[in-house]
Each structure stands twice: as structure tokens, then as C-alpha cells.
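> my questions concern the predicted model and sequence given below.
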Amino acid sequence: MTLYSSATINSVSYDATNKLLESINVSSSLAQENFTSASFEAKFDNTNGTYASTFSVGQDVQIKLDTTASPTTLIFRGTIESIEPESVPNREYLVLRGRDYSSKLADVTALETYLNTEVSVIVTNLISKYVNTPTTQITVANVQVTTKTLTNITFKRKPLFECIKLLAELVDFDFMVINTGTNSLP
């Protein structure tokens, strides 16, 4: 069975058919007990500087994989975190690396105390205060109101991912990170 992949970066699709996208690797964190973000690495043929000014740190990345030549199954969504040139004799590459949007929750810590506050209000406040900026928008549209009001909870320099995970466990809810996809760095 042949697998086909594509990478859509800042709304432009790249695949192996044009021979410029050399490889894509995605590592997932699903089987790991301790949280780590999924990550990707994409290698582009950059001979003659083809992609020298095409990509920017912070751009949205979607990677699809399927058994058809135009893959439709989304297996990764995140942002570019580094862009590095790489060369071997007679070949130049540009290597893009990044992590999924859940990394936005792992990279910041919360220092907050909430008194007599319903759990969904806490989640929404944490995302609004620590994550959402003009260039990073993680939606809270699907955060559901719970029946649980916490009399007192304090987060002392705890990663935001762990704060939200704890809140979800307290009300027996699942959570996922969804990016609106409307904003990316220029």
C-alpha cells in the first residue's frame, strides 16, 4: 500500500509530486503517559534558494496522510517553530520543525487563585489570559458549562496544560486543543 502526504503551510499545499517536498515526519504523543506535544519535521529541496523567504516562524501547518494521491486525513496541525538550512554535497535543503497547538498550553505557566468559580469560567479565563494573543487563537467556543463550582483552587506556576487537565478530571470531561486557524504570523 502506498501512502501519500501533503503539508499545507500558510494556506499553500506542498507534496512530493513537485519533488520540492523531500520528506515529512510527524511524531505523536498519544501513547505517552506524560504529556508532550506532537511534532513535525518537513524537509524541502532549497536548491538555488527556492524557499529562502517562503516560510516564517509561527505559520500554521497542516499535514495530511492518506492512501489516495490527494490526501484528506489530517494527522497534524500546529505551527513552525524553527527554520534551518541543511546541505549535503550538491544539495541544499530547508528543514522546518514545529509542534502542535497543544504546545501553547505546555509552554506557559499559570499563577492564579479562583474562589467560588464554575470550572468552565476558570478554563476560559486561563486560555484568555495566558494563551490568546493576536497571533495565537485557541478557541474556547466548545468549553461546556459544568455543574461544578470550586470554592478554592490555586495554580502556582503550573503548566497551563496541567491546569486544564486537572479541571477536566474534576468534572469528568475530556478536552482537546483546537486552533481557529484564522491567524498566523506574517
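Noted; the coordinates are in hand.

> and the next element down the chain from the lowest-mean-pLDDT helix or strand in the chain?
When the helices and strands of the chain are compared on mean pLDDT, DSSP states H and E, helix 103-106 comes out lowest with a mean of 82. With elements assigned by DSSP states H and E, the helix or strand that comes after helix 103-106 is strand 109-118.

> list of residues touching the following helix or strand past that next one?
Using DSSP H and E, the next helix or strand after strand 109-118 towards the C-terminus is helix 119-130. For helix 119-130, contacts defined as CB atoms under 8 Å, 6 or more residues apart in numbering pick out 108, 110, 112, 114, 138, 140, 143-146, 148-150, 153, 155, 160, 163-164, 167, 170-171, 175. In this view, the C-beta of every residue, glycine as well, is placed from N, C-alpha and C.

> so of those, which ones are in helices?
The members of these that map onto helices under DSSP state H are 160, 163, 164, 167, 170.

> quick one: neighbours of the third one, just the number.
Residue 164 has 22 neighbouring residues, counting by other CB atoms under 10 Å.

> cool, and the second one?
For residue 163, the tally of surrounding residues (other CB under 10 Å) stands at 21.

> mind telling me what element residue 53 is part of?
Here residue 53 is assigned to no helix or strand, by DSSP H and E.

> now it: how far from residue 104?
Counting by CB to CB, to the nearest Å, the gap from residue 53 to residue 104 is 26 Å.
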